[in-house]
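Undergrad: this one's structure only:
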């Protein structure tokens with residue numbers, strides 16, 4: 001019986017989620033994955049590493065590396081874009097931090113989780129530990145993304161509403177199955193690894209209050225913790241047997257066993273597993289900001305083409321789904337005066353204003369001198385937000401911008417489905433262009449060519465670690 005048939009049988013017989021996911025992780029064959037999914041996987045990995053390389057230009061990256069090195073020393077797993085190698089768990093922490101450092105990494109739209117930023121560092125470290133081939137690393141990565149995406153979907157966007165960041169909480173389960181696969185765990189051991197991961201799942205949204213660096217840390221911590229869970233489970237550690245649906249399992253514990261828990265759909269954890277590929281519904285970001293803001297940014301940039309002078313704008317209303325208000329709209333006073341780049345990445349008021357004034361939204365619009373630009377801040381003061389009752393959220397992140405000019409004229413544009421979503425995906429060529437732009441901040445064209453080939457031909461590499469060292473600075 002192939003893996004798809006086995007999963008269908010298990011699901012039909014209402015096998016526990018942990019068992020179905022463990023069987024999937026233990027038994028998925030590389031050739032069971034369609035070629036277009038494998039190719040797309042390599043592009044997502046490349047995108048994340050390009051972001052990691054760009055992150056090394058910032059102070060937060062170097063302070064974090066120094067801190068980790070102080071307690072870990074050197075190891076044999078390369079750090080993306082930096083002249084350093086760390087022990088496997090610390091490298092996973094650092095690489096996850098860098099991949100998520102600019103909030104420019106991929107997002108599974110319905111799951112509202114950034115899968116690659118956690119899963120890729122986990123599989124790089126695990127592959128280095130066991131000497132895995134490129135094919136083995138690719139398969140493990142896909143297992144991790146599929147797991148994290150589906151578990152995120154189950155929550156129906158509820159985690160954000162109670163102050164938890166799904167990438168850290170959900171990401172660890174994708175990481176533990178991906179790393180566990182590479183580390184040779186059998187299905188029963190993978191069940192126990194998921195049970196232990198339950199006690200390691202974490203991620204607070206409190207960073208929104210002050211632009212703290214915490215969120216950057218979540219994916220790497222998930223990856224590092226997952227490696228620990230997998231290693232212990234391989235040696236016989238007995239983990240909780242109902243990590244997802246138990247009385248104090250993931251969803252009941254974090255959502256409070258109340259009305260929000262009632263919204264959870266656990267069937268999504270295994271629906272289509274092994275035959276429908278959520279990696280293809282995972283969006284590559286065109287902007288280095290919270291994905292919830294992208295529809296509004298696109299709408300603002302389109303309207304910008306019709307406005308001769310942003311100073312003539314009287315008021316701006318941005319309509320976004322109610323489910324994202326706490327993240328990108330509130331509290332308004334903070335959002336209109338972001339204190340640092342991370343504050344700005346989660347402010348629809350600032351981002352729409354910056355897009356209208358500058359005619360673009362890139363990393364440059366998040367630099368310290370731009371964050372205090374008087375013309376942008378004056379326009380941000382004119383931005384208010386409203387609910388978008390017609391939004392398809394969380395299936396897509398809509399955004400509508402309504403501009404009223406001083407002469408009374410009104411113009412509006414709506415992006416019902418954000419660019420990068422499953423119905424409007426960035427092409428593989430666009431992903432490569434984004435990688436090359438990010439990598440060019442650190443290395444020359446010849447090096448970029450070697451790095452690109454190392455990932456796109458990863459399946460032909462006998463030792464995955466060889467390919468990863470190409471990305472070390």
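TA: Yep, it's here. As the structure is a prediction and not an experimental result, all values here were calculated from the model.

Undergrad: Tell me, domain by domain, which residues of the chain belong where.
TA: 3-285+453-469, 291-415 (automatic domain parsing).

Undergrad: which stretch among those domains comes nearest residue 443?
TA: Nearest to residue 443 among these is domain 3-285+453-469; the distance by C-beta to C-beta comes to 7.3 Å. Every C-beta, even on glycine, is put in place using the N, C-alpha and C of the backbone.

Undergrad: out of the domains of the chain, deepest packed?
TA: Comparing these on average neighbours per residue, with mean count of other C-beta atoms under 10 Å, the densest one is domain 3-285+453-469 at a mean of 22.

Undergrad: centre of the chain versus it, how much separation?
TA: How far domain 3-285+453-469 lies from its chain's middle: 10 Å, per C-alpha atoms, centre = their mean, to the nearest Å.

Undergrad: Turn the domains of the chain into TSV, including mean pLDDT and distance to residue 421.
TA: Below are the domains of the chain laid out as TSV (pLDDT from 0 to 100; distance: least, C-beta to C-beta, whole Å):
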stretch	mean pLDDT	distance to residue 421
domain 3-285+453-469	95	5
domain 291-415	96	5
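
Undergrad: Could you export the ones you listed to CSV, including columns for distance to residue 426?
TA: Listed next are those as CSV, based on distance: least, C-beta to C-beta, whole Å:
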stretch, distance to residue 426
domain 3-285+453-469, 5
domain 291-415, 11
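
Undergrad: And these: which comes nearest residue 429?
TA: Taking these one by one with C-beta to C-beta, domain 3-285+453-469 is closest: 9.4 Å.

Undergrad: show me where the stretch 51-200 of the chain has helices.
TA: Assigned by DSSP state H, counting those that start in this stretch, the helices in the stretch 51-200 of the chain fall at 59-72, 88-99, 116-130, 134-154, 158-161, 166-182, 187-197.

Undergrad: List of residues touching the host helix or strand of residue 452?
TA: Assigned by DSSP states H and E, residue 452 belongs to helix 445-456. With contact meaning C-beta atoms under 8 Å, 6 or more residues apart in numbering, helix 445-456 is reached by 42-43, 45-46, 49, 432, 435-436, 439-440, 443, 461, 467-468, 470-471.

Undergrad: Mind checking which of the residues you listed are in helices?
TA: 42, 43, 45, 46, 49, 432, 435, 436, 439, 467, 468 (DSSP state H).

Undergrad: now for the chain, which residue lies nearest the mean position of the chain?
TA: The chain has residue 114 as the residue nearest its centroid, 1.6 Å off, counting by C-alpha atoms, centre = their mean.

Undergrad: The closest residue to that one other than its chain neighbours: what's it in contact with?
TA: Spatially, and ignoring its direct neighbours in sequence, residue 114 is nearest to residue 167 (4.5 Å; C-beta to C-beta, 6 or more residues apart in numbering). Going by C-beta under 8 Å, 6+ apart, residue 167 touches 100, 113, 114, 115, 117, 118, 203, 218, 219, 222.

Undergrad: re earlier: closest one to residue 422 among the domains of the chain?
TA: Going by C-beta to C-beta, the one of the domains of the chain nearest residue 422 is domain 3-285+453-469, 4.1 Å.

Undergrad: now the strands for the protein?
TA: 77-78, 85-86, 107-108, 282-283, 313-320, 383-387, 399-405, 410-415 (DSSP state E).

Undergrad: any chance of those in JSON lines, with distance to residue 60 too?
TA: As requested, those are exported to JSON lines (distance: least, C-beta to C-beta, whole Å):
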{"stretch": "strand 77-78", "distance to residue 60": "19"}
{"stretch": "strand 85-86", "distance to residue 60": "17"}
{"stretch": "strand 107-108", "distance to residue 60": "21"}
{"stretch": "strand 282-283", "distance to residue 60": "24"}
{"stretch": "strand 313-320", "distance to residue 60": "28"}
{"stretch": "strand 383-387", "distance to residue 60": "28"}
{"stretch": "strand 399-405", "distance to residue 60": "28"}
{"stretch": "strand 410-415", "distance to residue 60": "31"}
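
Undergrad: Residue 238: which of these is closest?
TA: Closest among those, using C-beta to C-beta: strand 77-78, at 28.7 Å.

Undergrad: could you say what helices and strands the closest one packs with?
TA: Here strand 77-78 touches strand 85-86, helix 88-99, helix 116-130, helix 464-469, going by 3 or more C-beta pairs under 8 Å, 6 or more residues apart in numbering; DSSP states H and E.

Undergrad: Quick check: which of the ones you listed is nearest to residue 253?
TA: Ranking the helices and strands packed on strand 77-78 by proximity to residue 253 (C-beta to C-beta) places helix 116-130 first, at 19.9 Å.

Undergrad: now the angle from the closest one to helix 134-154?
TA: 140 degrees (axes from the mean of the first three to the mean of the last three C-alpha atoms, to 10 degrees).

Undergrad: and the two most separated of the contacts of residue 167?
TA: 115 and 203 (13.7 Å).

Undergrad: chain center to the helix holding residue 452: distance?
TA: 23 Å.

Undergrad: That helix to helix 134-154, inter-axis angle?
TA: Going by the same axes, to 10 degrees, helix 445-456 makes 80 degrees with helix 134-154.

Undergrad: what two of the contacts of helix 445-456 are the furthest from one another?
TA: 440 and 461 (23.9 Å).
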